[in-house]
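Engineer: no sequence on hand, only this structure:
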């Protein structure tokens with residue numbers, strides 16, 4: 001996704017094709033003699049069952065309404081779009097479509113569905129299923145946060161805004177029951193990577209209609225007893241706040257090449273508990289590692305420890321609809337008072353890297369120029385005083401929201417102390433469980449909020465699209481017409497140097513207005529049972545489980 005995500009602040013995983021940050025020698029793939037006991041994999045002949053830490057309890061499993069990482073990781077096991085991921089490179093490979101054609105001008109994509117594409121109830125997956133699913137995604141009353149991901153298709157934005165009421169006039173067509181056609185506004189080099197995202201997956205139309213209709217979110221169709229998918233696994237059970245069990249699908253087109261019999265995905269938002277589960281054999285892969293345990297695993301040169309780069313940026317959202325946060329001087333003061341170097345080295349043990357832009361460095365060749373996102377306490381104090389709060393006097397009561405996590409609490413306490421000592425303001429910390437936290441973001445029911453974004457594909461637009469006025473994932477209240485025009489220009493531009501210049505203008509606007517306060521770029525620190533096979537390091541932290549297996553003990 002990508003999408004907003006939660007990974008208890010220190011979650012998995014790397015992509016070898018592009019290291020976007022320089023990771024110190026010795027941090028990458030620490031491995032050799034393992035002194036801690038690793039969890040047992042399946043014995044020869046025994047069922048192949050993978051036990052996986054999945055961070056928080058998923059809010060839902062509807063591919064068109066989810067925005068978080070815990071949800072997407074489950075949905076990818078249950079649903080598949082026109083294309084699927086190569087397990088090593090994450091490049092698009094044939095999924096429900098066995099092949100596709102592209103017009104010479106790069107505007108028309110024609111996808112040919114597999115004859116054996118099936119839903120888990122045995123019904124055929126059809127072109128109409130795809131087109132009606134996309135219509136649902138863009139229906140204004142549905143309120144999909146990811147609707148903007150479809151705006152590069154003819155008529156999609158107009159339909160989503162209610163300016164076009166006939167979906168047949170958009171660029172989505174079912175030419176017949178096995179042929180889907182999509183017409184783009186401009187040639188888009190990353191289009192096939194974009195449609196890997198869960199929002200482009202089809203949903204089982206008849207099932208969704210049966211349980212509450214297509215225009216509603218949160219209906220009963222996603223319960224285990226009702227769920228119908230078309231992916232490599234089927235939903236067997238969902239015990240709230242405990243675990244989700246998926247089993248190999250008997251109707252999946254490539255089922256013979258799926259090795260795992262089951263995957264158990266645990267709601268593990270406590271990293272200390274998760275690490276203990278790994279040591280005692282209850283988990284094969286964790287979602288994170290407690291900050292306090294990193295040095296221990298490093299010193300032991302554990303074969304289970306993974307430290308890998310990751311296309312993701314952590315930042316603090318500001319709610320610009322709050323009167324005092326509507327002033328960009330206040331927002332910039334908060335940004336300038338954060339010592340990112342100290343945060344990354346002393347608090348995060350060198351596993352994260354100071355962020356000075358929303359887009360991580362070297363994303364598809366683009367690196368934002370050093371700008372105004374830096375540590376400058378004198379400038380921060382001057383801006384705060386200019387805004388009417390000299391030495392913090394009179395600064396309104398303010399809270400910073402973050403999702404429940406011990407690692408997250410440590411990070412936020414460090415930033416809270418920087419603001420207290422540096423600016424003289426006392427900002428309270430407020431943590432919420434994942435579902436409540438997401439609702440607070442969606443309704444702008446917060447002052448400041450820790451956030452993070454992982455790329456949905458390897459291009460700067462997957463980050464910068466977030467901040468448009470029409471993005472359902474913006475969640476700051478900030479709108480800037482100049483920024484939106486730059487996004488549109490970048491979508492239409494094919495020359496890399498010109499696109500990069502447009503991206504730089506956008507980053508400059510974000511630094512000037514400071515609706516978000518970049519904190520750090522990710523490297524993931526987590527644990528993997530050495531017996532797990534087919535779990536490759538990927539920059540987007542996506543791991544197709546149909547390619548994973550467990551070696552015998």
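Structural biologist: All right, it came through fine. Quick caveat, the model's predicted, so the values are computed rather than measured.
Engineer: residue 157: which element?
Structural biologist: Taking DSSP states H and E as the criterion, residue 157 maps to helix 156-160.
Engineer: likewise for residue 512?
Structural biologist: Residue 512 is part of helix 496-513, with elements assigned from DSSP H and E.
Engineer: before we move on, what about residue 435?
Structural biologist: helix 434-442.
Engineer: that helix - contacts with which helices or strands?
Structural biologist: Secondary-structure packing of helix 434-442 (3 or more C-beta pairs under 8 Å, 6 or more residues apart in numbering; DSSP states H and E): strand 399-403, strand 448-454. No exception for glycine: its C-beta is placed from N, CA and C like everyone else's.
Engineer: coming back round to it: chain center to the helix or strand following the helix holding residue 157: distance?
Structural biologist: Downstream of helix 156-160, the first helix or strand assigned by DSSP H and E is strand 172-176. Centroid separation between strand 172-176 and its chain, computed with C-alpha atoms, centre = their mean, to the nearest Å, is 30 Å.
Engineer: what's strand 172-176 in contact with?
Structural biologist: The contact list for strand 172-176 (C-beta atoms under 8 Å, 6 or more residues apart in numbering) reads 110, 126-128, 130-131, 134-135, 153, 156, 180-183.
Engineer: quick one: mean pLDDT over the helix holding residue 512.
Structural biologist: For helix 496-513, mean pLDDT rounds to 96.
Engineer: swap in stretch 212-223?
Structural biologist: Averaging pLDDT along stretch 212-223 yields 94.
Engineer: buried stuff in it?
Structural biologist: Neighbour-count burial for stretch 212-223 flags 214, 219, 221, 222 (criterion: 16 or more other C-beta atoms under 10 Å).
Engineer: residue 297 belongs to a strand?
Structural biologist: No: Residue 297 is assigned helix when assessed by DSSP: H, G, I helix; E, B strand; the rest coil, not a strand.
Engineer: would you map the strands across the stretch 451-553 of the chain?
Structural biologist: 516-527, 532-533, 549-550 (DSSP state E, counting those that start in this stretch).
Engineer: what about the closest residue to residue 187 other than its chain neighbours, how many residues close to it?
Structural biologist: Distance criterion C-beta to C-beta, 6 or more residues apart in numbering; nearest residue to residue 187, sequence neighbours excluded, is residue 106 at 3.3 Å. Residue 106 is flanked by 14 other residues according to other C-beta atoms under 10 Å.
Engineer: give the contact list for residue 106.
Structural biologist: By C-beta under 8 Å, 6+ apart, the residues touching residue 106 are 184, 187, 188.
Engineer: separation between the last one and residue 251?
Structural biologist: Going back to what we said before, that points to residue 188. Distance, residue 188 to residue 251, using C-beta to C-beta, to the nearest Å: 32 Å.
Engineer: now do residue 532
Structural biologist: 26 Å.
Engineer: low-confidence ranges in the stretch 401-550 of the chain?
Structural biologist: Within the stretch 401-550 of the chain, not a single segment meets pLDDT under 70.
Engineer: please repeat the previous calculation with a cut-off of 80.
Structural biologist: 406 (pLDDT under 80).
Engineer: try the stretch 251-400 of the chain
Structural biologist: Checking the stretch 251-400 of the chain against pLDDT under 80 turns up 309, 371.
Engineer: what segments of it are strands?
Structural biologist: Using DSSP E, counting those that start in this stretch, strands in the stretch 251-400 of the chain cover 262-266, 305-318, 353-354, 399-403.
Engineer: deepest of these, which one?
Structural biologist: Greatest average neighbour count among those goes to strand 305-318 (a mean of 25), per mean count of other C-beta atoms under 10 Å.
Engineer: pairing partners for that strand, with directions?
Structural biologist: strand 448-454 (antiparallel), strand 516-527 (antiparallel) (DSSP bridges).
Engineer: who's in contact with the residue lying closest to residue 478 once chain neighbours are set aside?
Structural biologist: Leaving aside its chain neighbours, residue 478 sits nearest to residue 515 (3.5 Å; criterion: C-beta to C-beta, 6+ apart). Residue 515 sits next to 317, 318, 320, 331, 467, 476, 477, 478 when contact means C-beta under 8 Å, 6+ apart.
Engineer: taking these one by one, which sit in helices?
Structural biologist: Judged by DSSP state H, those include residue 331 as members of helices.
Engineer: CSV for the contacts of residue 515, including distance to residue 145?
Structural biologist: Shown next, in CSV, are the contacts of residue 515 (distance: C-beta to C-beta, whole Å):
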residue, distance to residue 145
317, 14
318, 19
320, 18
331, 23
467, 14
476, 13
477, 15
478, 16
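Engineer: farthest pair in the contacts of residue 515?
Structural biologist: 331 and 467 (13.4 Å; C-beta to C-beta).
Engineer: hey, where'd the helices end up in the stretch 351-500 of the chain?
Structural biologist: Applying DSSP state H, counting those that start in this stretch to the stretch 351-500 of the chain gives helices spanning 377-386, 406-423, 434-442, 461-464, 481-492, 496-513.
Engineer: mind giving me the packing neighbours of the shortest one?
Structural biologist: Secondary structure elements in contact with helix 461-464, counted by 3+ C-beta pairs under 8 Å, 6+ apart, are helix 481-492, helix 496-513.
Engineer: winner for burial among the ones you listed?
Structural biologist: Highest mean neighbour count among the helices and strands packed on helix 461-464 (mean count of other C-beta under 10 Å): helix 496-513, a mean of 18.
Engineer: for the nearest residue to residue 451 once chain neighbours are set aside, what are its contacts?
Structural biologist: Here the nearest residue to residue 451 in space, its sequence neighbours aside, is residue 317; by C-beta to C-beta, 6+ apart that works out to 4.9 Å. Residue 317 is in contact with 441, 446, 448, 449, 450, 451, 475, 476, 515, 516, counting by C-beta under 8 Å, 6+ apart.
Engineer: apply 7 Å and report the result again.
Structural biologist: Residue 317 sits next to 448, 449, 451, 475, 476, 516 when contact means C-beta atoms under 7 Å, 6 or more residues apart in numbering.
Engineer: quick one: which of the contacts of strand 172-176 sit in strands?
Structural biologist: In this view, the contacts of strand 172-176 that belong to strands under DSSP state E are 110, 180, 181, 182, 183.
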